[in-house]
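> With the sequence up front, the predicted model follows.
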Amino acid sequence: MAKILGLDLGVSSIGYALIDTEKEEILDCGVKIFESGVDMTSGKEVSRNEVRRTARLRRRQYFRITSYTRSRSRQI
């Protein structure tokens, strides 16, 4: 029995269908919808990951600045 699994990958969902090619029938199908990745409480779309991403950016910038000033102080 030959089967085909079809997947539809979306931004916030995954759809699937399992098809039997010999009987030409759909064995199973469905969809899984994920929670949206944006927060709409302020009236505009804001990424839920924005706070974490901003903190990570600040840590990287701080590390770059401190490592640069340390390397410059060694040269002087």
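Now that the structure is in, tell me what you want to look at. Residues are numbered from 1 along each chain as shown.
> who touches stretch 38-46?
47-48 (C-beta atoms under 8 Å, 6 or more residues apart in numbering). From N, CA and C alone the C-beta is placed, and that goes for glycine too.
> For it, what does the pLDDT average out to?
Averaging the model's pLDDT scores along stretch 38-46 yields 73.
> Next, the buried residues of that stretch.
Buried residues in stretch 38-46, counting neighbours by 16 or more other C-beta atoms under 10 Å, are absent.
> Spatially nearest residue to Ala2, not counting backbone neighbours?
With C-beta to C-beta, 6 or more residues apart in numbering as the criterion, Ala2 has its nearest non-adjacent residue at 4.4 Å, and that residue is Thr21.
> need the contact list for that neighbour.
The contact partners of Thr21, taken as C-beta under 8 Å, 6+ apart, are 2-4.
> Ser47 too?
Applying C-beta under 8 Å, 6+ apart, we find Ser47 in contact with 37-39, 53.
> What strands line up against the lowest-mean-pLDDT helix or strand in the chain, and which way round?
For the chain, counting by mean pLDDT, DSSP states H and E, strand 38-39 ranks last in confidence among helices and strands (a mean of 72). Partner strands for strand 38-39, per DSSP bridges, with pairing direction: strand 46-47 (antiparallel).
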